[in-house]
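Participant: A predicted structure for the sequence below; I have some questions about it.
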Amino acid sequence: CQSFCEAGVESHVFTTESFSPWFFSPGSATRSPVISLDAEVSLARLDGDFLERAARVASEIAGAGCDVALYHAGLGEQITVQVAALRPVALQVNVNHNVEMDANLFDGAVHLFSDGIEETRFADRLSYWIPRVSVRDSALPGADPGRRRRDFGAFKTISATFVEDSTSSDKGYLQALVEILRRSPTHLHLFVGLENPRKARTYLHAREVLPQVRFLGQSMDATEYLQLIDLYIESFPNDYDQSLLDAMAAGKPVIVLRDAHDSRRNRGARLVGLDEMIASDVDDFVDRTCRILDDADYRDALGQAAHLRSRREFTPASLGS
C-alpha cells in the first residue's frame, strides 16, 4: 500500500472482522493501526449466511469505486471466491501466495513465486512474478551483537536457519549440516522457530555435533539473531523464502541449494540470484558453506552483494511501479 501511494495510486483494503487483527489492535475501541497501511480499511461484518457475507463485501468494493481488485486468497477462501464471482470491479487479479485460485474469475495474476507462472492452468492469462519483499535493512536496531555472541560462548562463527515447521529435520539437510560442523569445529549453528526439535536434536546428538547447535524455539522477530550471525543457511528441500530475504536485506551472506528436478525447490535460488551463494548439489553446498565460514573477507563481500541485490529487487519501494 505504501509503494502504491508513492506511485500515486490510492489503495483500499477490504477484509472481514475475523482478519481485523492484521490491521488493527485487538480490543482497541479506537482501532489504532498496528502498521501504517497508507490505505483505507473496510471491515465486513460476519453475521448472515455465506451468500450474505459475500454480497456485503462485494457491495463495499463496488461502492468504493475501485478500478482494480487484487484477491489475496486461494480457492479454499470460499467467501472470497464468491465475491470474485460477483465481479464488483471491472478488472480482477488473483494474487497467488502459494496455491493459485483454480477458478476462471480473473483477468490476470500476480505470483509471489516464479514457479507459479510455470504451473498455472491459465497460461493465456496475463501474469507477473512479483516476489515478497523485506523491510529489514543492514542497520539493524537492538542489543549489541557482540554481547549476544559472547552469550553463546567462544565460537568463531555463527550461522542460523529460520524455520516454521519440521522441514529442517530432513535427513539430507541434517547430513549436510553435520559435515559442515565437523569441518568447522569452532562454528555454532542456530535453529530459530523449530517448534519440535526432537528429531533434529536426536540426529545431531547421535553424530556428536549437538554441542555446536542451539535450538532457540519460536520467535516473533528474528532481528536480534540476524544481528549476530555470520551466515544464513537455507534449509532444503523446502525453503522459507521470507527469512532468506530478511537475511539478504540485513547484509548477511546466504547459501541455498538449487534443485535440478523440482522448480518449487528452486525458489530460494531464484531469489538469491548470485552464483557464489547457490550450490549445485549437497557436496557443493557443504564446500561453499565451509569456504564462507573460513574466509572473513569473502564472507563480507558476499554479504555486501546480498544486501545490494536486496535493495535493488526486494524492497517495498520497488513494488509500486
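Facilitator: Noted; the coordinates are in hand.
Participant: And the strands in the stretch 1-150 of the chain?
Facilitator: Listed in chain order, the strands of the stretch 1-150 of the chain (DSSP state E, counting those that start in this stretch) span 12-16, 40-44, 68-71, 91-96, 108-111, 126-129.
Participant: Ok, which of those strands comes nearest Thr289?
Facilitator: In terms of C-beta to C-beta, the element of these nearest to Thr289 is strand 126-129, at 27.9 Å. (Glycine included, C-beta is placed from N, CA and C.)
Participant: picking up where we left off before, in TSV: the strands of the stretch 1-150 of the chain, plus distance to Val57 and mean pLDDT.
Facilitator: Shown next, in TSV, are the strands of the stretch 1-150 of the chain (distance: least, C-beta to C-beta, whole Å; pLDDT from 0 to 100):
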stretch	distance to Val57	mean pLDDT
strand 12-16	6	83
strand 40-44	5	81
strand 68-71	10	94
strand 91-96	13	94
strand 108-111	20	92
strand 126-129	25	90
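Participant: Next, format the ones you listed as JSON lines and append mean neighbour count and distance to Ala306.
Facilitator: Putting the strands of the stretch 1-150 of the chain into JSON lines (neighbours: other C-beta atoms under 10 Å; distance: least, C-beta to C-beta, whole Å) gives the following:
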{"stretch": "strand 12-16", "mean neighbour count": "17", "distance to Ala306": "32"}
{"stretch": "strand 40-44", "mean neighbour count": "17", "distance to Ala306": "34"}
{"stretch": "strand 68-71", "mean neighbour count": "18", "distance to Ala306": "29"}
{"stretch": "strand 91-96", "mean neighbour count": "20", "distance to Ala306": "26"}
{"stretch": "strand 108-111", "mean neighbour count": "19", "distance to Ala306": "23"}
{"stretch": "strand 126-129", "mean neighbour count": "14", "distance to Ala306": "20"}
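Participant: could those strands go into TSV alongside distance to Leu319?
Facilitator: Below are the strands of the stretch 1-150 of the chain laid out as TSV (distance: least, C-beta to C-beta, whole Å):
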stretch	distance to Leu319
strand 12-16	15
strand 40-44	19
strand 68-71	12
strand 91-96	12
strand 108-111	10
strand 126-129	11
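Participant: closest to Ala247 out of these?
Facilitator: The nearest among those, by C-beta to C-beta, is strand 126-129 at 20.7 Å.
Participant: contacts for that closest one?
Facilitator: With contact meaning C-beta atoms under 8 Å, 6 or more residues apart in numbering, strand 126-129 is reached by 107-114, 116-117, 120.
Participant: Let's see that with 10 Å instead.
Facilitator: Where contact means C-beta atoms under 10 Å, 6 or more residues apart in numbering, the residues beyond strand 126-129 that reach it are 93-94, 96, 100, 106-118, 120, 270.
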